[in-house]
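Asks: Quick one, structure for this:
(chains A, B, C and D)
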Number of protein chains: 4
Amino acid sequence: MATTRAAIINVTGYIGVDLARILLGHPDVELVSVTGRSQAGKRLSDVFPHLATSDLVIQPEMDQSVDVVFSAMPHKDSAEVCRPLVDGGLRVIDISADFRLKDRAEYEYWYGVEHPCSQLLDTAVYGLPELHREQLTGATLVANPGCYPTGAILALAPAMASGMVAGDIIIDSKSGVSGAGRSLTLTTHYAECNESVSAYAVGGHRHLPEIRQECRALNPEVGDIVFQPHLVPMTRGILSTCYARLSESWASRGEQAAVDAIEAYGEFYRDAPFTLVVETPPATKHVWGSNYCHVYVRVDVRGGRLLVISAIDNLVRGGAGEAVQNMNLMFGFPEECGLRALPVFP
Amino acid sequence: MATTRAAIINVTGYIGVDLARILLGHPDVELVSVTGRSQAGKRLSDVFPHLATSDLVIQPEMDQSVDVVFSAMPHKDSAEVCRPLVDGGLRVIDISADFRLKDRAEYEYWYGVEHPCSQLLDTAVYGLPELHREQLTGATLVANPGCYPTGAILALAPAMASGMVAGDIIIDSKSGVSGAGRSLTLTTHYAECNESVSAYAVGGHRHLPEIRQECRALNPEVGDIVFQPHLVPMTRGILSTCYARLSESWASRGEQAAVDAIEAYGEFYRDAPFTLVVETPPATKHVWGSNYCHVYVRVDVRGGRLLVISAIDNLVRGGAGEAVQNMNLMFGFPEECGLRALPVFP
Amino acid sequence: MATTRAAIINVTGYIGVDLARILLGHPDVELVSVTGRSQAGKRLSDVFPHLATSDLVIQPEMDQSVDVVFSAMPHKDSAEVCRPLVDGGLRVIDISADFRLKDRAEYEYWYGVEHPCSQLLDTAVYGLPELHREQLTGATLVANPGCYPTGAILALAPAMASGMVAGDIIIDSKSGVSGAGRSLTLTTHYAECNESVSAYAVGGHRHLPEIRQECRALNPEVGDIVFQPHLVPMTRGILSTCYARLSESWASRGEQAAVDAIEAYGEFYRDAPFTLVVETPPATKHVWGSNYCHVYVRVDVRGGRLLVISAIDNLVRGGAGEAVQNMNLMFGFPEECGLRALPVFP
Amino acid sequence: MATTRAAIINVTGYIGVDLARILLGHPDVELVSVTGRSQAGKRLSDVFPHLATSDLVIQPEMDQSVDVVFSAMPHKDSAEVCRPLVDGGLRVIDISADFRLKDRAEYEYWYGVEHPCSQLLDTAVYGLPELHREQLTGATLVANPGCYPTGAILALAPAMASGMVAGDIIIDSKSGVSGAGRSLTLTTHYAECNESVSAYAVGGHRHLPEIRQECRALNPEVGDIVFQPHLVPMTRGILSTCYARLSESWASRGEQAAVDAIEAYGEFYRDAPFTLVVETPPATKHVWGSNYCHVYVRVDVRGGRLLVISAIDNLVRGGAGEAVQNMNLMFGFPEECGLRALPVFP
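Replies: Numbers count the residues shown, from 1 in each chain, chains lettered A, B, ... in the order given. Predicted structure coming up:
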């Protein structure tokens, strides 16, 4: 098989550069073009010394013919960049939020801009392989999920699909600081966020509608979803702690509910190479630097409650790795190709 | 006024040594005796170089006549140590859990031991000044609250007292590693907990009954309380994010509920020098090294929900500082005496 | 004694705000005015929530009559701000580098600007109390030392004064990230500096001439001084590891040199309340949040070498605390006034 | 080529488990046996959840026939374990210090034990591929270098080999906490070492003789080597800052010395796939999780001094990765096999 040629638009953010790292090690792909506005003309290795072995030069515009493009542009700009590429027949994976929400109005409410290219919303596939593997196979445009939604939806999907819960769902997520990106802010200034935990986006976070969309698709009767993100002093990782009440039918199973829940989760992820149902509460460090998601399920039979905790690396499984996983499906490569690196511990 | 003489039993844990730090700077108290088993005979400053200016020597047993004793012994041992001191007429502040739970059976269930001295349970006052200031004034035995209960109860008390919420309450707490104490474990080994977030005590944490006791005392109809602690890679601090549904009467107030909630919280803490109702979501760093608790309140009118977030320093407000605050009340000192150090930022 | 009224020019940097914290707790001083350009008009407590109990509003210009001014302006601007204040008879403590170097040419070489006010260089006293206590008593203009020079000079001064060493001196310093200030840079962006150590200013750092000036004043025959700073992933603290060869006269003492060195250090700092000669290698955590400097001295008799290690909190002893210590001397307050807070550990 | 079968003796330390991670991804090797005393009988994935995809069970003793054994036992025990394996014709890579020092007396002085098996000292090859690649090819017993020596020797070797420096050499190293291993100590207890930098082993560290041995082999006239390690609050990484005077011949080259030095380093490492001479001062984060070593060289022509800074990941290049690199050479695999993972940033 001839090598697939890939480009990254806007390589200078954290997901962009982690894409570069992963693609440079992918056996079936050659990364031939990386772009960036402010750093155009510099060698990738000068801007990112950890990629010292790469000879790539950051270009102002994509300068090579390629088979697949990863766009790590900000939302709105990204859709504008992607449209002509899709029209031109390229496979495109959009890391931004532009094609994630099927409901254009929802997008425009949360992002405060008119959708630049809503005609592609039907074409785009939401890039969570555990839910949409078939559609992703051969897809031309993939909307790569947000980091929080990846962790939260993987935690909740089996419960949704099986009618396990009813009523409100509370998702309390804790993210490492890299999730806030590479733009300079006081919030991500070392001395301000180190040795501190805080909640943010208390009024509502843009990742909520994405979580709601996918949960509702699995279970239209899902209750209110409350999603509260927190900033934690570490570089990578998202832990999502999810609280819900058992539905009546599940609550009536008594002790058996605890067994059934774990079995339902195991069954749901039987064919998912990267989502593992684990027997002890996960730590984000257990998946550090990898594409794995660890999911822990616990039923409190007496209290009639379900607790699910998921752990991911926000930049790999919640970003660059998931994008490569999606590419693998689009092109028919083995799903794990280029993503077999185990988590680095400690 | 003659100086009050104080002793710390078991100074070598984190709350014990932070008590030493605070008492060494207290204008009305002289710390005359510190004890410890494994380190007996060493100078306090050799074991804890930050106390280099102290001449105290760690003793195997309390070796001075004193007016007040702080016991930082482990539970069960602590009650045994405290009993003769109380009987002997000393004022005692017990940092352990032994006198916190009024229901002896509850204590024995959660701690798995017979209560060594339940006859003192009626004498002991739960040392949360915001709730029990009057009883603490002149008390002879104070049960110093746990670190999580301090943050959680301060977050919830006004809502309890005002009938603001109904149904389940979920408390998702994030603690720094010092909360796990100075005993060596893999969980608190640097390389294992750094750069990682995880949930623990998933089946139930000993601080839950303490939170429940105080919430029920304020509102006997409170629903189920779910309390889930997490370990976060920082040394000090607890952030507690609390989720609840508004009660019908509060939900019916519409937009006014948001205003009323903040006012109710402000009113509740009007005379509390260390609990501040803040207007933006707090970070644990805002209270680092101090006795302050910051509480943030937000009503989601449309969703009919209350969100409260509290931040404390787990070793000061959640331990040593609170103990000194209690001592101040017991002895009639100004409540803030020795505790006026502002948080250290950044 | 009537209260001394103080102002802080440019309170919004880390040393400025730590000055506010310390002065708000100083028993003989009232902080009456704080200024800042970008944040003018906001309450100090809105910009810095840890100062929630203060009512001060940040002003564009100093708006109160005061007795003492702390200028935390950037270099060059600071001298321009200080000149009229000094001329007007106020006591001024300049946190910037403008009055530290007695040699105007040296200043202009390292800072790349013409000195805005060199006529005050003779008036200014270098504010390291351990070296210049007498001159500081009653001084009108004090040049507060840099953070690295404070740690390095305190490590080396006794060796300089006693002719203990000869030849090159190497100072390898490790600083927490707050030393780089509150301005946003990639270097201090959490995700970039966390979990990483690096050297910086490899070609030469502006604090070198300051260290050299004070060392030479104590020993004009001092050899070359090599000063290499490093950035370490922690918020506060500087550890300086200093390497030198023993002078011939000291080397000839044999084993006695080790004893004599410790005695010489102890003697030198006998009257210094904040500089402690310690018997085990210090950690920056031993002085966290305090004005203490711990100095450890070790002679390798066989190798003929001296090793000295000092630890300070870069924002307190290396900045705000030292400035208050200098103020105390200028006004005849007890040197430790307002600075008695012990280090916070852990 | 048939797959090479490998075993790890004592997999439960940090280098042992990182060896498992790397070998599980090595294309030409099958990890068939892992041993451990305290955890024998447990699944590797239960003890180390990041290896959740492995089915290996920890055995009390090696239970499979293998081609190569990695011993991660403590020193002394390790030699005793290795001897029969070497005698039995297996290839052995010893991670401990037992076969590193060619001078048995030096070993016995620094480690305080009689050498258990000094007859193998001549057989053992010091496993730094950049210095001993030819000997390593086909070696039967390899002494894997210590973490500090790897960084320090790679920083100094070209200077040694070219006669670039004369006189004392000072190596000031900063290590992440994982270097102290997985045994529980107060020094590595999170709350004690977080937010703190300190020097340790001030009287002399066991890695010094190893550095000296290799430097002297390259340049018998090398001066005194001073090696001072420091503990830094991060999980992985060692930065070594090396200070030396230029030799007369090099100093006499004037400005050309700066150019020649960089060229000499580049030449020395021309064929070393993992040691890169970089143009800006390295950060440990630039090599995180990888087998790369970044070396930065700077000549201060006026001062007549050389500064070299190296950065490695202490567990990979300073341990497990280097061991696999050595195995590759022993077995004739490509040197980079199984080690191509790029550093993970940020």
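
Asks: Going by C-alpha atoms from here, please, whenever you check contacts or count neighbours.
Replies: Fine.

Asks: can you list the residues that contact stretch A:98-110?
Replies: A:75-76, A:78-79, A:114-115, A:118, A:120-122, A:124-126, A:142-145, A:206, A:209-210, A:213 (C-alpha atoms under 8 Å, 6 or more residues apart in numbering or on different chains).

Asks: Got a quick PyMOL command for the buried subset of the residues you listed?
Replies: Buried residues among the contacts of stretch A:98-110 (16 or more other C-alpha atoms under 10 Å in any protein chain shown), as a PyMOL selection:
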select buried, chain A and resi 75+76+78+79+115+118+120+121+124+125+126+142+143+144+145+206+209+210+213
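
Asks: which non-adjacent residue is nearest the residue of the stretch 151-300 of chain A found nearest chain D?
Replies: Nearest to chain D, among the residues of the stretch 151-300 of chain A, is A:H286, at 4.3 Å (C-alpha to the nearest C-alpha). Nearest residue to A:H286, sequence neighbours excluded (C-alpha to C-alpha, 6 or more residues apart in numbering or on different chains): D:H50, at 4.3 Å.

Asks: In terms of helix, strand or coil, where does the one you found fall?
Replies: Three-state assignment for D:H50 (DSSP: H, G, I helix; E, B strand; the rest coil): helix.

Asks: Next up, the contacts around it.
Replies: By C-alpha under 8 Å, 6+ apart, the neighbours of D:H50 are A:285-287, A:342-345.

Asks: Try it again at 6 Å.
Replies: Contacts of D:H50 were listed using C-alpha atoms under 6 Å, 6 or more residues apart in numbering or on different chains, and they are A:286-287, A:343.

Asks: the helices in chain A, which residues?
Replies: A:14-24, A:44-47, A:77-87, A:104-111, A:129-136, A:147-161, A:190-193, A:208-218, A:248-251, A:256-268, A:321-331 (DSSP state H).

Asks: Same list (these) but as JSON lines, adding mean pLDDT.
Replies: As requested, the helices of chain A are arranged in JSON lines below (pLDDT from 0 to 100):
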{"stretch": "helix A:14-24", "mean pLDDT": "98"}
{"stretch": "helix A:44-47", "mean pLDDT": "98"}
{"stretch": "helix A:77-87", "mean pLDDT": "97"}
{"stretch": "helix A:104-111", "mean pLDDT": "97"}
{"stretch": "helix A:129-136", "mean pLDDT": "98"}
{"stretch": "helix A:147-161", "mean pLDDT": "98"}
{"stretch": "helix A:190-193", "mean pLDDT": "98"}
{"stretch": "helix A:208-218", "mean pLDDT": "98"}
{"stretch": "helix A:248-251", "mean pLDDT": "97"}
{"stretch": "helix A:256-268", "mean pLDDT": "98"}
{"stretch": "helix A:321-331", "mean pLDDT": "98"}
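
Asks: Output the ones you listed in a markdown table; the columns should cover distance to C:M164.
Replies: Output for the helices of chain A, formatted as a markdown table (distance: least, C-alpha to C-alpha, whole Å):
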| stretch | distance to C:M164 |
| --- | --- |
| helix A:14-24 | 51 |
| helix A:44-47 | 45 |
| helix A:77-87 | 65 |
| helix A:104-111 | 67 |
| helix A:129-136 | 69 |
| helix A:147-161 | 59 |
| helix A:190-193 | 38 |
| helix A:208-218 | 66 |
| helix A:248-251 | 79 |
| helix A:256-268 | 71 |
| helix A:321-331 | 59 |
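
Asks: Which positions in the stretch 51-200 of chain A make contact with chain C?
Replies: The stretch 51-200 of chain A has residues A:178, A:184, A:188-191 near chain C, with proximity defined as C-alpha under 6 Å from any C-alpha of the partner chain.

Asks: Which of those residues has the largest number of neighbours?
Replies: With neighbours taken as other C-alpha atoms under 10 Å in any protein chain shown, the top of those is A:Y190, carrying 31 neighbours.

Asks: The closest residue to A:Q213 other than its chain neighbours: neighbouring residues, count only.
Replies: Counting by C-alpha to C-alpha, 6+ apart, A:L101 is the residue found nearest to A:Q213 once chain neighbours are left out, at 7.4 Å. Around A:L101 there are 23 other residues, counting by other C-alpha under 10 Å.

Asks: Would you mind listing what in the stretch 101-250 of chain A touches chain B?
Replies: A:191-192, A:195-198, A:234.

Asks: now for those, which pair is the farthest apart?
Replies: Within those, two members stand farthest from each other by C-alpha to C-alpha: A:A191 and A:S198, at 14.1 Å.

Asks: quick revisit: out of the residues of the stretch 51-200 of chain A next to chain C, which comes closest to D:Q325?
Replies: Using C-alpha to C-alpha, A:S178 comes nearest to D:Q325 of those, at 31.5 Å.

Asks: Report the contact partners of that closest one.
Replies: Shown in contact with A:S178 (C-alpha under 6 Å, 6+ apart): A:235-236, C:191.

Asks: how close does it sit to A:K285?
Replies: Using C-alpha to C-alpha, to the nearest Å, A:S178 is found at 15 Å from A:K285.

Asks: any chance of the residues of the stretch 101-250 of chain A next to chain B in a markdown table, with distance to B:R302 too?
Replies: Shown next, in a markdown table, are these (distance: C-alpha to C-alpha, whole Å):
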| residue | distance to B:R302 |
| --- | --- |
| A:A191 | 37 |
| A:E192 | 33 |
| A:E195 | 34 |
| A:S196 | 31 |
| A:V197 | 27 |
| A:S198 | 24 |
| A:M234 | 34 |
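
Asks: List buried members of the residues you listed by neighbour count.
Replies: A:191-192, A:195-198, A:234.
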